[in-house]
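Engineer: turn this into a model:
(2 chains)
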Protein chains: 2
Amino acid sequence: MKAGPSQEEIRRHNLGTLLRFVHLRGPASRATLAESLGLNRSTIMALTADLTAAGLVREELPRRPGRRAGRPSLVVRPESTRVYVLAFEVGVDRLGVARVGLGGTILERREAPRARGPFDPGELLGALVAAARSLTRKAGRDAVCVGAALAFPGTVRRADHQIMFGPNLDVGDLALGEALSRRLGLGVPVSVCNDANLGALAEHERGAGVGCDDLIYLHGDVGVGGGIIVGGRLLGGHEGYGGEVGHMMVNPGGRVCGCGSRGCLEAEVGERTLLEHAGRRESPDLVGRDAVRAVVDAADRGDIVARDALHRVGTWLGWGVANLVNVFNPGLVVFGGTLRDIYLGAAAQVRSVLATGAMAAPRENVRLRTAALGDDTTLVGAAEFAFAEVLADPVQVLARLRAPEDTPVS
Amino acid sequence: MKAGPSQEEIRRHNLGTLLRFVHLRGPASRATLAESLGLNRSTIMALTADLTAAGLVREELPRRPGRRAGRPSLVVRPESTRVYVLAFEVGVDRLGVARVGLGGTILERREAPRARGPFDPGELLGALVAAARSLTRKAGRDAVCVGAALAFPGTVRRADHQIMFGPNLDVGDLALGEALSRRLGLGVPVSVCNDANLGALAEHERGAGVGCDDLIYLHGDVGVGGGIIVGGRLLGGHEGYGGEVGHMMVNPGGRVCGCGSRGCLEAEVGERTLLEHAGRRESPDLVGRDAVRAVVDAADRGDIVARDALHRVGTWLGWGVANLVNVFNPGLVVFGGTLRDIYLGAAAQVRSVLATGAMAAPRENVRLRTAALGDDTTLVGAAEFAFAEVLADPVQVLARLRAPEDTPVS
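Structural biologist: As a prediction, this is how the structure comes out:
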């Protein structure tokens, strides 16, 4: 039970709200901002002045002026090249790093495929730091990094961003965020978050789920992860492990799962299972997304074995979705990563099981969609997560970053 | 994206917050309120004066004065007998109605067992209205009913409180809340809500889940319902059907469920299944809670068949809990209704499956508990739901209720 906010808290909240608006929806005139945020124009003017002074937005003529005669009104535009975050993605098959500007533009990126197998933590850190440095070197001298986040395919404890478990990618109990932040030396912490949770965030804010506040994002990599948006907010649970839908048991006594249990959704619809059903062994030449696509393509061409494999995997995927529809009553289920391909190849079977397994009321208005951000879903999610702090309290964060390191800022 | 609140919105919010504090935690001194709500004493004084003028609280000497010498300080006390709600419970085996005072005291109640079978809607309405009238007649002349809510064992659409589906209690598509509100004539709407959702609310606010903002409440009646609190708020989902954990499939091709599917948690752990496993047929003399208790008692006395029945049901209940722990990472799982007895009789088996089926990270700190409010969980939840509006904006609601009906109040 918390009392209402103070005037100063309201000002900070409004600064963050205005900045979030232009960050997510793009440049907007003062009139649009006043109408959309429900504030009067003098308040908008004062907020814009503060954000401009902080170097977060600027006002300028619209790039495509309207048709009305007379002087076009100024638009408030995020400082997309000056204010940026670093987004890291550690996948089973690839590493990715991007510099993402306020407003959501991916300014530049580095990607590297990697061979499967356990990580050498030192090597991993070295690769991430080198890629990040090559990106920050290209940023202008007045550019400022306001946050950083790393997507990881495993369970991450909210309190300290500690990676607890990554069945498909062994990094032990590495305090990856802390080590990365120290090595980068940019004065910003590196948040670590489950990759599918970040995917949910990305699709909710910039993808297939814009406008839908109750959605489920299912992410296929080697394993199956999930991210769940409830009432507009990411479901974290008691300690931040929420959304592990890949380890929902759907088939008692079924296939052995990397988590130690049996019959988990991940075990029944994951990459290895699909390839095995399709009579294809994992090979170093064809793994991950490409291997999954090859099965879907073969099924499209009429390959009976591939079709049967997709049908079997689609059945369990359908049961997983049916369970989630009953439990969450989402407005939308989004399939990302390799599940995007699998869903496209097995949509009829998924929908058929859903029709049997989900109750009529929650089933009636649920939409099934593929990730609108495609292969960038996770990286975009990491960027949004990294922007969260500056969007919540822009001026405070900027003040902290600009203060000399030896001066404590209250 | 919403801008910060206005001064008037903050005042209303603070009035609601103060009222909610004494409603949930009991009478409190101004000093306690100031400290707990983070407001200064002059603000507390002004808020208390407004709530006193509205007839919602009064200030008086503490009933058990402290040991300190001098004049004891006044405490703010909710007007528990003057301000009340009506809470209705429609169960498969019983009807219940209570008059519940601000502060949460059940002032008076009526209960009636009922024989199983479909309802005659007119008869149902008649019974509820008669019970409610006999309660309101006993309220003082200056008493005011500020809300009403009805708990129902089925899916209820949020937008219009329409009952969509009640597999164990056929009432068709009855607009029960609207009809009840009209017949009562108290000027308050009757909200209709799923019974297990209300149970979750009750245990979160007044029961085993106080202080835990991520919890799952599992409710056994004939069927199995669920209510889920995520980040302190009830999970409703896109249209209000969220929390139907009873229809999560755990056993593919398993027992036929009332929802039309097979192997749902409800089908594997519900009352009928337990009785069947225990070799006991449902009889008009021994149904519901008593029948379940008889099996648990028999198992306690060493009855092998009853023990085996509990073991079988406990296994599926364990899988249900394991799935929910993986997906939600709750801090607490609460067993209510007949699942309270079943859990007490099968706790070892439930925990054993949980240890196998849930991932280590979310399993480590989850607590399993029985409902602290016992048989009153649902009814208390209905009362809390009915109080929600007055607690959100106390003065507005009171003004509306006290205005003559023919005068529109803005």
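Engineer: please list all residues in contact with residue A:91.
Structural biologist: Going by C-beta atoms under 8 Å, 6 or more residues apart in numbering or on different chains, residue A:91 touches A:153, A:195, A:221, A:378. (Glycine included, C-beta is placed from N, CA and C.)
Engineer: tell me which of those fall in helices.
Structural biologist: Here DSSP state H is the test, and the contacts of residue A:91 give A:195, A:378 as lying in helices.
Engineer: of the contacts of residue A:91, closest to chain B?
Structural biologist: residue A:153 (13.8 Å; C-beta to the nearest C-beta).
Engineer: contacting residues around that closest one?
Structural biologist: A:90-92, A:166, A:168-169, A:194-196, A:221-223, A:225.
Engineer: check residue A:87 too.
Structural biologist: By C-beta under 8 Å, 6+ apart, the neighbours of residue A:87 are A:96-100, A:148-151, A:379-380, A:382-383, A:386.
Engineer: any idea how many residues pack against the nearest residue to residue A:338 once chain neighbours are set aside?
Structural biologist: Counting by C-beta to C-beta, 6 or more residues apart in numbering or on different chains, residue A:220 is the residue found nearest to residue A:338 once chain neighbours are left out, at 3.6 Å. Residues lying near residue A:220 (other C-beta atoms under 10 Å in any protein chain shown) number 27.
Engineer: what lines up beside the lowest-mean-pLDDT helix or strand in chain A in the sheet?
Structural biologist: Every helix and strand of chain A was ranked by mean pLDDT, DSSP states H and E. The lowest is strand A:163-165, at a mean of 77. Strand A:163-165 has its sheet partners listed here by DSSP bridges as strand A:155-156 (antiparallel).
Engineer: chain center to the partner strand, what's the gap?
Structural biologist: 14 Å (C-alpha atoms, centre = their mean, to the nearest Å).
Engineer: quick check: mean pLDDT of that strand?
Structural biologist: Averaged over strand A:155-156, pLDDT sits at 88.
Engineer: surely residue A:116 touches residue A:94?
Structural biologist: No: counting by C-beta atoms under 8 Å, residue A:116 stays clear of residue A:94, with 10.6 Å between them.
Engineer: now do the buried residues in stretch A:136-154.
Structural biologist: A:136, A:139, A:143-154 (16 or more other C-beta atoms under 10 Å in any protein chain shown).
Engineer: one more: stretch A:267-286?
Structural biologist: Neighbour-count burial for stretch A:267-286 [16+ other C-beta under 10 Å]: A:267, A:268, A:269, A:270, A:271, A:272, A:273, A:274, A:275, A:277, A:278, A:280.
Engineer: any chance of those residues in JSON lines, with pLDDT, distance to chain B and secondary structure too?
Structural biologist: JSON lines is the format used below for these (pLDDT from 0 to 100; distance: C-beta to the nearest C-beta, whole Å; DSSP: H, G, I helix; E, B strand; the rest coil):
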{"residue": "A:267", "pLDDT": "97", "distance to chain B": "12", "secondary structure": "helix"}
{"residue": "A:268", "pLDDT": "97", "distance to chain B": "10", "secondary structure": "helix"}
{"residue": "A:269", "pLDDT": "97", "distance to chain B": "14", "secondary structure": "helix"}
{"residue": "A:270", "pLDDT": "94", "distance to chain B": "15", "secondary structure": "coil"}
{"residue": "A:271", "pLDDT": "93", "distance to chain B": "20", "secondary structure": "helix"}
{"residue": "A:272", "pLDDT": "92", "distance to chain B": "19", "secondary structure": "helix"}
{"residue": "A:273", "pLDDT": "95", "distance to chain B": "16", "secondary structure": "helix"}
{"residue": "A:274", "pLDDT": "96", "distance to chain B": "19", "secondary structure": "helix"}
{"residue": "A:275", "pLDDT": "95", "distance to chain B": "23", "secondary structure": "helix"}
{"residue": "A:277", "pLDDT": "96", "distance to chain B": "17", "secondary structure": "helix"}
{"residue": "A:278", "pLDDT": "95", "distance to chain B": "22", "secondary structure": "coil"}
{"residue": "A:280", "pLDDT": "89", "distance to chain B": "26", "secondary structure": "coil"}
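Engineer: pick the one among those closest to residue A:345.
Structural biologist: When these are compared for distance to residue A:345 (C-beta to C-beta), residue A:274 wins out at 9.5 Å.
Engineer: what's the first helix or strand after the longest helix along chain A?
Structural biologist: Longest helix in chain A by number of residues (criterion: DSSP H): helix A:304-328. Once helix A:304-328 ends, the next helix or strand along the chain (criterion: DSSP states H and E) is strand A:332-337.
Engineer: give the pairing partners of that following strand; include direction for each.
Structural biologist: By DSSP bridges, strand A:332-337 pairs with strand A:215-220 (parallel), strand A:367-370 (parallel).
Engineer: roughly how far out does that strand sit from the chain middle?
Structural biologist: 12 Å.
Engineer: what's the angle between it and helix A:304-328?
Structural biologist: 140 degrees (axes from the mean of the first three to the mean of the last three C-alpha atoms, to 10 degrees).
Engineer: let's test this: mean pLDDT of strand A:332-337, rounded?
Structural biologist: According to the model, strand A:332-337 has a mean pLDDT of 97.
Engineer: same thing with stretch A:352-362?
Structural biologist: Mean predicted confidence for stretch A:352-362 is 96.
Engineer: give me the buried positions along that stretch.
Structural biologist: A:353, A:354, A:357, A:358, A:359, A:361, A:362.
Engineer: can you give me the end-to-end span of that stretch?
Structural biologist: By C-alpha to C-alpha, to the nearest Å, the extent of stretch A:352-362 from end to end equals 15 Å.
Engineer: about what we covered before: please state the offset of the least confident helix or strand of chain A from the chain centre?
Structural biologist: For strand A:163-165, the distance to the chain centre is 18 Å (C-alpha atoms, centre = their mean).
Engineer: would you map the helices across chain A?
Structural biologist: Under DSSP H, chain A gives helices at A:7-25, A:30-37, A:41-53, A:121-136, A:176-184, A:195-206, A:265-269, A:271-277, A:288-300, A:304-328, A:338-357, A:360-364, A:377-392, A:394-402.
Engineer: nearest residue to residue A:382 other than its sequence neighbours?
Structural biologist: Closest to residue A:382 by C-beta to C-beta, 6+ apart is residue A:87, at 3.8 Å.
Engineer: quick one: the one you found from chain B, how far?
Structural biologist: 22 Å (C-beta to the nearest C-beta, to the nearest Å).
Engineer: show me where the stretch 51-200 of chain A has strands.
Structural biologist: For the stretch 51-200 of chain A, the strands defined by DSSP state E, counting those that start in this stretch cover A:57-60, A:75-78, A:83-90, A:94-101, A:106-113, A:144-152, A:155-156, A:163-165, A:190-194.
Engineer: can I get those in JSON lines with distance to residue A:201?
Structural biologist: As requested, the strands of the stretch 51-200 of chain A are exported to JSON lines (distance: least, C-beta to C-beta, whole Å):
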{"stretch": "strand A:57-60", "distance to residue A:201": "23"}
{"stretch": "strand A:75-78", "distance to residue A:201": "19"}
{"stretch": "strand A:83-90", "distance to residue A:201": "12"}
{"stretch": "strand A:94-101", "distance to residue A:201": "13"}
{"stretch": "strand A:106-113", "distance to residue A:201": "16"}
{"stretch": "strand A:144-152", "distance to residue A:201": "10"}
{"stretch": "strand A:155-156", "distance to residue A:201": "14"}
{"stretch": "strand A:163-165", "distance to residue A:201": "18"}
{"stretch": "strand A:190-194", "distance to residue A:201": "8"}
